[in-house]
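**Student:** Could you work out the structure for the sequence below:
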Amino acid sequence: MQAAKVFAASIFELALRQGDRFGLLSVGGDGLRMIPAASGPRHRDRCQLELHALRANGMWPAEAALRPAWERIRAGDLAVVLSDGFDEAVVSLSERLSAARRDLSFIQLLTAEERDFPFRGGRRFIDPEGGDPVLADGPAARDEFLARFAAAKAALAARLATAGVRLATWHLDEPLDQPLRQLFPARASRTVPERA
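**Tutor:** Purely as a prediction, here's the structure:
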């Protein structure tokens, strides 16, 4: 969650420096929260205060609660989704927004551990979003995990590509501007804010 907040704050700063309008939409167990697009330093500060208050919690709300996403994000608007991409609801929402002619980019936020699986010895793996703990020997589980994880990432990439959604992956130990330069090469050639 903290990584997504840092990344969103960086996007606000980049949009501010470029004179673009920007806003914030967050989805969680308590429904949809939104700050409509505007511009200027005071608006950036409002968005950052909202970011600071966000907490990861609960399941996605019912589809009816997401209606303002279509009402406030207009056709042709650029929307950037920040997620690990392994929640069906966020992928489905991305597909629907893209089908409704929203210009969508998806930044998949992953840890270095997910990429490298560096675990040694016996481990107890716990899914923070639910599910039973899994006991495994790190080195013995590594190859299977990496193969299944690569397959899941490839399936997500194919699904988003089919929907016309641009995808970039950011591992938390990589430079913050890497996915932005990949998705928006012309825009990111300007100064990209340093990590907060």
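**Student:** make it CA atoms for all contacts and neighbour counts henceforth
**Tutor:** OK.
**Student:** residue boundaries of the strands in the chain?
**Tutor:** With DSSP state E, the ranges of strands along the chain come out as 22-28, 31-38, 78-83, 103-110, 122-125, 134-137, 166-171.
**Student:** and the lengthiest helix in the chain, which residues are buried?
**Tutor:** The residue-count maximum for a helix in the chain (DSSP state H) belongs to helix 138-163. By neighbour count with 16 or more other C-alpha atoms under 10 Å, helix 138-163 contains the buried residues 138, 141-142, 145, 153, 156-157, 160, 163.
**Student:** how far off strand 103-110 does it point, in degrees?
**Tutor:** 180 degrees (axes from the mean of the first three to the mean of the last three C-alpha atoms, to 10 degrees).
**Student:** Quick one: list the elements packing against helix 138-163.
**Tutor:** Here helix 138-163 touches helix 88-99, helix 112-116, strand 166-171, going by 3 or more C-alpha pairs under 8 Å, 6 or more residues apart in numbering; DSSP states H and E.
**Student:** how about a cut-off of 10 Å?
**Tutor:** helix 88-99, strand 103-110, helix 112-116, strand 122-125, strand 166-171 (3 or more C-alpha pairs under 10 Å, 6 or more residues apart in numbering; DSSP states H and E).
**Student:** any idea which of those is most buried?
**Tutor:** Of all these, strand 103-110 carries the top mean neighbour count, a mean of 21, counting by mean count of other C-alpha atoms under 10 Å.
**Student:** strand partners of that one, parallel vs antiparallel please.
**Tutor:** Counting by DSSP bridges, the strands paired with strand 103-110 are strand 78-83 (parallel), strand 166-171 (parallel).
**Student:** Could you give the average pLDDT over it?
**Tutor:** Average pLDDT, strand 103-110: 95.
**Student:** hmm, back to that, with distance to Arg72 and mean pLDDT added, can I get the strands paired with strand 103-110 in TSV?
**Tutor:** Formatted as TSV, the strands paired with strand 103-110 follow (distance: least, C-alpha to C-alpha, whole Å; pLDDT from 0 to 100):
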stretch	distance to Arg72	mean pLDDT
strand 78-83	11	92
strand 166-171	21	95
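**Student:** Could I get the contacting residues of the nearest residue to Trp70 once chain neighbours are set aside?
**Tutor:** Nearest-residue entry for Trp70: Leu97, 7.2 Å, with adjacent residues in sequence omitted and distances by C-alpha to C-alpha, 6 or more residues apart in numbering. Applying C-alpha atoms under 10 Å, 6 or more residues apart in numbering, we find Leu97 in contact with 69-70, 73-75, 79, 91, 103-104, 163, 165.
**Student:** Looking at these, which is nearest Val6?
**Tutor:** Closest to Val6 out of the contacts of Leu97 is Ala79 (16.8 Å), distances taken as C-alpha to C-alpha.
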